[in-house]
Each structure stands twice: as C-alpha cells, then as structure tokens.
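**Student:** return a 3D structure for these sequence lines:
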Amino acid sequence: MKLPIVARLTARQEESSFIAKLLVQTQLLFEGTQAVEAYMLEPTRERALHVRDIERRADAVRRALIQQLKQAFITPIDREDLFSLSRALDDVLDALYSTTREMYLLGVAPSEHLIVMVKTVRQCAQELHGAIRHLESNPSLASRHALRVRALENRMDTQYMEAMADLFRDGAGSLEAVVHILKMREVYGHMIQAVKSAERAGDLIDDILVKFN
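**Tutor:** Just a heads-up that it's a prediction; the model follows:
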C-alpha cells in the first residue's frame, strides 16, 4: 500500500535531512583525517586540540541526528540502520582522536607507518562521503564507493602488519625499548580500528542499498 502524498513528501524530507547530517559527519571525518595528518607532520598541543575540537563537533551532529530519530514520524531508512551508520562514522573519528591524544600524552613521535596509515583513513572518509552522497541518486555508484572501503581495510591490514613487524624487528631488549613497543602497538591499534569502523560503515551502506532496492 502506498503512503498518502503528504506522508510520502514528509518521508522524502526526513530522508534528505538524515542524509544531510550523515554527510556532515563524513565531511568532519575527512577534516579530522587532515588534522591528524597535520599533527603527524608537527606534533604540537595546538594540533592535537584541533583534532579534539573536530571530534566534538562531530559528536554534536550525531546527537542532533539521534534526537531527530526520536522525533521522526517516518524514517524511509530504518532507524536502526541510520543509528548504526552514524555510530560507525563516529567510531572512525573517535579512533583518530584517541590516536593523537595518546601520542601527545605518552610522548609518542610520529612514524612513517602512521603517516601512511592516516592517508588510508582519509581515503576511507572520501569513499564514505561519496557513498552517502549518492545513496539516493545513484545506488550503484554508492555501492562502488562502499566497496572501495573494504579494499582500503585490506590495505590497512597489510600496513599494520608491516608496522608491527618493523617495530619488533628494530626493538632492543631494554626496558625503554619494550615501553616504546607497547606505546606504538596501542597507537597502531587505534589506526586499524579506525579503518575497521569505516568498513563497518561501508557494510551498513550496502545493507541500506539492498533494502532500497
């Protein structure tokens, strides 16, 4: 049974509004990756705080989306899918924030591996933005963007293993070296978690596209 005309218009407006908020999340995620890259090049307190500020702005957008979900009469995209997709995007930025926060607080210097890893997360942010932007207008293109996120997750797996291999290969037997290994392993872990959260967002986009069609 078709929805009444007014209800269909309301549904379309709600859908566009939700997608607009998701796009703001992906835009802030992209800005977050740029801020982390800047921190890697010059690890200052100001640049670490800039990452934190972007993460807080993204949190505010997510809270607004959740509030809208609570108040919406109709959601053309399942509420659970919208909530989960927004959370997955938020998790990516949370992992990036954890990276710079712990690097700054623990005195961890950026490595070449971290610089490469954050570029991979930036590419994920671009693909997720493209997927959500084309969610309504071009589902097949949206799906291709989501698929590229999975390929980037595979790339990050390789980057992570290379980083860990170099870390243990170059580590000496001193207590200081062991502490360094533990710190770097934690930081590398945040980076791979960022991409795994991005992959989860891509999978959710594919789930939404299946339901659309």
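**Student:** can you map out the helices along the protein?
**Tutor:** Secondary structure of the chain by DSSP state H: the helices cover 5-41, 45-71, 79-106, 112-133, 139-170, 175-212.
**Student:** roughly how far apart are residue 134 and residue 143?
**Tutor:** Distance check for residue 134 against residue 143: by C-beta to C-beta, to the nearest Å, it reads 9 Å. For the C-beta atoms, the positions are set from N, CA and C on the backbone; glycine is no exception.
**Student:** ok, the nearest residue to residue 202 once chain neighbours are set aside - contacts?
**Tutor:** Distances taken as C-beta to C-beta, 6 or more residues apart in numbering put residue 149 closest to residue 202, at 3.6 Å, once the chain neighbours are dropped. Neighbouring residues of residue 149 by C-beta atoms under 8 Å, 6 or more residues apart in numbering: 124, 127-128, 131, 198-199, 201-202.
**Student:** ok so, going back, quick one: the helices of the chain as a markdown table, columns for mean pLDDT too.
**Tutor:** Shown next, in a markdown table, are those (pLDDT from 0 to 100):
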| stretch | mean pLDDT |
| --- | --- |
| helix 5-41 | 78 |
| helix 45-71 | 95 |
| helix 79-106 | 95 |
| helix 112-133 | 96 |
| helix 139-170 | 93 |
| helix 175-212 | 92 |
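**Student:** can you name the two of the contacts of residue 149 that are farthest apart?
**Tutor:** Set against one another by C-beta to C-beta, the contacts of residue 149 have their most distant pair in 131 and 199, with a gap of 12.0 Å.
**Student:** more neighbours, those two?
**Tutor:** residue 131 (28 against 22; other C-beta atoms under 10 Å).
**Student:** separation between the nearest residue to the more buried one once chain neighbours are set aside and residue 50?
**Tutor:** Once flanking residues are discounted, residue 131 sits nearest to residue 145: 3.7 Å by C-beta to C-beta, 6+ apart. Separation of residue 145 from residue 50 (C-beta to C-beta) stands at 27 Å.
**Student:** most centrally placed residue in this structure?
**Tutor:** residue 92 (3.0 Å; C-alpha atoms, centre = their mean).
**Student:** contacts only, for it.
**Tutor:** Taking C-beta under 8 Å, 6+ apart, one finds 29, 121, 124-125, 194-195, 197-198, 201 in contact with residue 92.
**Student:** and it, how far from residue 206?
**Tutor:** Residue 92 is 17 Å from residue 206, by C-beta to C-beta.
**Student:** not counting its neighbours along the chain, what's nearest the residue nearest to the centre of the chain?
**Tutor:** residue 197 (4.5 Å).
**Student:** correct me, but the one you found touches residue 95?
**Tutor:** Yes: between residue 197 and residue 95 there is a contact under C-beta atoms under 8 Å: 6.3 Å.
**Student:** nearest residue to residue 101 in space, please, no chain neighbours.
**Tutor:** Distance criterion C-beta to C-beta, 6+ apart; nearest residue to residue 101, sequence neighbours excluded, is residue 48 at 6.6 Å.
**Student:** what is the neighbour count of that neighbour?
**Tutor:** As a measure of burial, residue 48 has 20 neighbours, counting by other C-beta under 10 Å.
**Student:** for it, list the residues it contacts.
**Tutor:** Here residue 48 is in contact with 39, 100-101, 103-104 (C-beta under 8 Å, 6+ apart).
**Student:** ok, now residue 126?
**Tutor:** residue 30.
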